[in-house]
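Asks: Next comes the sequence, and after it the predicted model I'd like to discuss.
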Amino acid sequence: MLTDPELMALHVQALFSHDARARLWYVNEPGGAAPAPRFFLGRTRAGNLWRFRADLPERLVEALEALCADEPVDTELHRPPRYMAAYVRLLDMHGPVQELWMGPAYHFTAIPEPSRPLLAVTAENAEILRGSFDALIADLPAWQPFVALVEEGRAVSICRSVRITAAAHEAGVETLPEFRGRGYAPEVVAGWAQLVRSQGAIPLYSTSWENTASQAVANKLHLVMYGADLEIR
């Protein structure tokens with residue numbers, strides 16, 4: 001059984017590409033074009049982990065790291081970090097803060113068996129995404145495993161791997177608006193997690209504090225929160 005700090009380390013490795021100094025470069029997604037946040041803080045009840053983007057000046061990194069080293073380990077992960085305002089202030093001096101993102105990160109202690117039939121989507125049956133998730137077809141080979149719940153010949157709820165390493169995959173789940181509220185999202189997430197486990201990797205699930213629907217999916221699947229993220233761009 002992995003510890004919470006070990007899960008957080010797998011999480012950040014899956015989210016972003018790193019250099020030899022463990023500095024961040026890009027979001028780990030097909031094409032890798034989106035820059036990583038300038039600052040990442042992952043908190044768990046057993047310790048914190050922090051990362052800085054590779055293009056930050058060393059003096060700024062040193063100032064941020066001093067605060068991170070003093071950031072208390074908190075059992076109430078829904079609370080903001082003690083030094084959040086100071087992190088924002090320091091980064092704002094380097095360049096205007098564009099986005100601040102926070103949210104919980106979960107892992108599976110058990111994976112329930114889906115109660116509805118699901119389809120593993122590959123290039124061979126990609127037509128099932130037409131009329132619902134067309135934009136995902138071009139990069140379909142990169143989003144594997146990819147699971148869909150199908151109604152009337154088209155995918156209406158999907159879960160796929162959106163950040164991938166050999167050790168862990170992060171879930172990306174989406175349901176068409178007219179099919180929400182029917183319990184489809186937990187089904188496809190469970191089916192996806194089973195496939196990730198079958199490949200010898202760890203399925204992980206994370207979201208924002210504002211996304212209560214996504215947190216409800218985690219609750220229905222009895223996922224366990226191992227940490228909370230702070231990202232500042």
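Replies: Good, I have the coordinates. Numbers count the residues shown, from 1 in each chain.
Asks: confidence score at the residue lying farthest from the centre of the chain?
Replies: What lies farthest from the middle of the chain is Glu152; by C-alpha atoms, centre = their mean that is 30.3 Å. You'll see Glu152 listed with a pLDDT of 90.
Asks: before we move on, what about the one 10 residues further on?
Replies: Note on Val162: pLDDT of 97.
Asks: and the longest strand anywhere in the chain, which strands flank it?
Replies: Under DSSP state E, the strand in the chain containing the largest number of residues is strand 154-164. With DSSP bridges as the test, strand 154-164 is paired with strand 146-151 (antiparallel), strand 168-175 (antiparallel).
Asks: The spatially most central residue of the chain - nearest residue in space that isn't next to it in sequence?
Replies: Most central in the chain under C-alpha atoms, centre = their mean is Ser206, positioned 4.3 Å from the mean C-alpha point. Spatial nearest neighbour of Ser206, chain neighbours left out: Ala105 (4.1 Å); criterion: C-beta to C-beta, 6 or more residues apart in numbering. For every residue, glycine as well, the C-beta is placed using N, CA and C.
Asks: Look up which helix or strand that neighbour falls in, please.
Replies: Element membership for Ala105, per DSSP states H and E: strand 100-107.
Asks: OK, contacts around the residue nearest to the centre of the chain?
Replies: 11, 103-106, 170, 229 (C-beta atoms under 8 Å, 6 or more residues apart in numbering).
Asks: neighbours around the closest residue in space to Ala228 that isn't next to it in sequence, how many?
Replies: Nearest in space to Ala228, with sequence neighbours left out and distances taken as C-beta to C-beta, 6+ apart, is Leu77 at 4.0 Å. Using other C-beta atoms under 10 Å, Leu77 has 18 other residues around it.
Asks: pretty sure Leu77 is in a helix, no?
Replies: No: counting by DSSP: H, G, I helix; E, B strand; the rest coil, Leu77 is located in no helix; its state is coil.
Asks: What does the pLDDT read for it?
Replies: At Leu77, the model reports a pLDDT of 97.
Asks: How about the contacts made by Val27?
Replies: 15-17, 34-36, 163.
Asks: For it, give the beta-bridge partners.
Replies: Applying DSSP bridges, one finds that Val27 bridges with Phe16.
Asks: From Tyr205, how far off is it?
Replies: From Val27 across to Tyr205, the span is 17 Å (C-beta to C-beta, to the nearest Å).
Asks: picking that back up, surely the residue nearest to Ala228 meets Arg43?
Replies: Yes: using C-beta atoms under 8 Å, Leu77 is in contact with Arg43, at 5.9 Å.
Asks: mind checking the longest helix of this protein?
Replies: helix 184-198 (DSSP state H).
Asks: which is the next helix or strand following it?
Replies: Counting by DSSP H and E, the next helix or strand C-terminal to helix 184-198 is strand 202-206.
Asks: Run me through the strand neighbours of that next one, direction for each.
Replies: strand 100-107 (antiparallel), strand 168-175 (parallel).
Asks: Kindly state which of these is positioned closest to Ile128.
Replies: The closest of those to Ile128 is strand 168-175. By C-beta to C-beta, the value is 14.3 Å.
Asks: The longest helix of the chain vs strand 202-206, what angle?
Replies: 150 degrees (axes from the mean of the first three to the mean of the last three C-alpha atoms, to 10 degrees).
Asks: Averaged pLDDT, helix 184-198. What do you get?
Replies: 98.
Asks: Check which helices and strands it sits against.
Replies: With contacts taken as 3 or more C-beta pairs under 8 Å, 6 or more residues apart in numbering; DSSP states H and E, helix 184-198 sits against strand 146-151, strand 154-164, strand 168-175, strand 202-206, helix 212-220.
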